[in-house]
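# the following block contains a protein sequence and its predicted model.
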Amino acid sequence: MADRISRRNFNQVAGNALLISASGVLASCAEKPQPVAPASSKTALVAPKGKLSMTNGKVDLRVPVGAPAGETWRYGLTFPFQLAPRTAAAFCNIRGKRGHDFEVGTDVIVFGDVVKIQPEKTIALSRNHEETNPHTDPAGKPAIMVKYPVRGGFVPLGAKLSDGTPHPHAGTGFGASQAMAWTPNQDRSYDKAEAYEYMELYQLRYDGKEFQLTGTERIPYDRLLTGATLSNPGLSNAIPDGEDLLFPMSGVTQKATAAQAGVVRWKRGEQGWRPISWMPITPEDQSFEPTLIRDVDGTLLFCARGASEPEYYDIRIWRSDDGGQRWKKIIHVRGLISSSPICLNQASDGTPYVAANLYEVFLKPVPPPFSPRRDKEGCERLGGWLRDKLCLWPLNAERTGLEVPTIVRDCTAEFGPAPGGVSWNADHASSKTLQLADGGWHDVIGLRICARAEVWGGIDPPQQTGAYLEEVSCSGPVHPGWSF
């Protein structure tokens, strides 16, 4: 098997400084402002010409129904997708309280209005389970298989192809989740020679009344696709490409020296949805958490998070005008963002934009239990890890640079100082343009907010912790996400 690639292999830390360079001349939205949809159910801000705006609501999903007594479960990462005409859904990750990145599983929530989310109607998709670890010495020590956030793709019920014919796979989709063995008595995963991981693949269906999980498979990373080891699903759900779905993932080929981020083509057959090809895009630099959109002219745009200096704090975007066969880097801005998730999204008028955290420096002492990581020389790093301010950077009209950003979430200003004496996290802001119950198309963005000390030190979650579903607005005409 190729070099082992795990979720944790991608999480490397580095340092840099802030540099904001915006083209600022060409507006990224249409010249003539038009309404993007009927009045937003969250009273979306009116987007000024050439700008993006986002609603600023309270937490939508906080404590999962059915959380076991004595356990602290909170919703977090949320990835929206279209389920049917006027009906949307989202994969909603659940985090436990047992150490850094200890996840519990994923639910699916069906909705038609972002202010009428009904937490009691979530559908359980995955949960942790116990099994033995075949990689321990001696083999067979007990393990908790921790289920990381589900991402995937779905062809909505009633969807049509570009020629107007019904989509043959409408009402079906898939989800993928990394399962990682954790020690049962310590707050850490098994590592090095004892590491044990695999992918869980879920086949999904919707008949207009009920969302169903029709099958679950356990597949080793190197068995998903011949010639590659695919282990890191991206931070955006798949987009359509004819009868197939294109899904951003990271992995490594048999001849590669390090992991790359790229695009995987998924096709539905007798066994359901399966990957059939992978196109690596980034250099062999351990890039991870990729995102993918289709621009208004039909070209593909791709973004991935850097794993080490100097790219760790950069925004990098690639473009393909031949359906994903060849890619060219078109934007690279250094030192702009924190060492945190970065998502390439698309407003409801088709405007591409990056959602990420602004590079900042922590200006007060960090309490000893939560001291930030140090670099390889042992120096304390006070900048580049904060996720307090969430920003949106529109791409310019030529797709050669970034416009001036908008700060859409400033947690300390909203909530006050974070519990634990560190900061807040507002991150993983992934969006999709969805048709909701009012018949309008809305760019629905899912994000997580929590206290940084929850992640670093396991403090009790404050009332703000949970999953947020908001709407992003721009001033151009609607660019629908699907054809019905």
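All right, it came through fine.

# which non-adjacent residue is nearest L292?
P248 (4.4 Å; Cβ to Cβ, 6 or more residues apart in numbering). Using the backbone N, CA and C atoms, a C-beta is placed for each residue, glycine as well.

# dump the host helix or strand of the one you found to PDB, keeping only the CA atoms.
In this structure, P248 sits in strand 244-253 according to DSSP states H and E. This file holds the C-alpha atoms of strand 244-253, laid out as PDB (Å, rounded to 0.1, in the frame of the first residue of the first chain):
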ATOM      1  CA  ASP A 244     -21.900  11.700 -13.200                       C
ATOM      2  CA  LEU A 245     -20.800  13.600 -10.200                       C
ATOM      3  CA  LEU A 246     -17.500  15.400  -9.600                       C
ATOM      4  CA  PHE A 247     -16.300  15.200  -6.000                       C
ATOM      5  CA  PRO A 248     -13.100  16.900  -4.700                       C
ATOM      6  CA  MET A 249     -10.800  14.600  -2.700                       C
ATOM      7  CA  SER A 250      -7.200  14.200  -1.700                       C
ATOM      8  CA  GLY A 251      -5.100  11.100  -2.000                       C
ATOM      9  CA  VAL A 252      -1.900   9.700  -3.400                       C
ATOM     10  CA  THR A 253      -1.100   7.700  -6.600                       C
END
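
# give the buried residues for the helix or strand following that strand.
In the C-terminal direction, the helix or strand that comes right after strand 244-253 (DSSP H and E) is strand 260-269. By 16 or more other Cβ atoms under 10 Å, the buried positions in strand 260-269 come out as 260-266, 268.

# now stretch 459-475
For stretch 459-475, the neighbour count (16+ other Cβ under 10 Å) marks 459, 461-462, 464-475 as buried.

# could you give the mean pLDDT of it?
Looking at stretch 459-475 alone, the average pLDDT works out to 95.

# first to last residue in it, what's the distance?
As for stretch 459-475, its first-to-last residue distance stands at 41 Å under the measure Cα to Cα, to the nearest Å.

# pairing partners for the strand holding P248, with directions?
For strand 244-253, sheet partners with direction are given as strand 228-233 (antiparallel), strand 239-241 (antiparallel), strand 260-269 (antiparallel), following DSSP bridges.

# want to throw the ones you listed into a markdown table with distance to R334 and mean pLDDT?
Listed next are the strands paired with strand 244-253 as a markdown table, based on distance: least, Cβ to Cβ, whole Å; pLDDT from 0 to 100:
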| stretch | distance to R334 | mean pLDDT |
| --- | --- | --- |
| strand 228-233 | 24 | 96 |
| strand 239-241 | 28 | 98 |
| strand 260-269 | 18 | 98 |
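
# including distance to R381, could the ones you listed go into a markdown table?
Shown next, in a markdown table, are the strands paired with strand 244-253 (distance: least, Cβ to Cβ, whole Å):
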| stretch | distance to R381 |
| --- | --- |
| strand 228-233 | 24 |
| strand 239-241 | 36 |
| strand 260-269 | 24 |
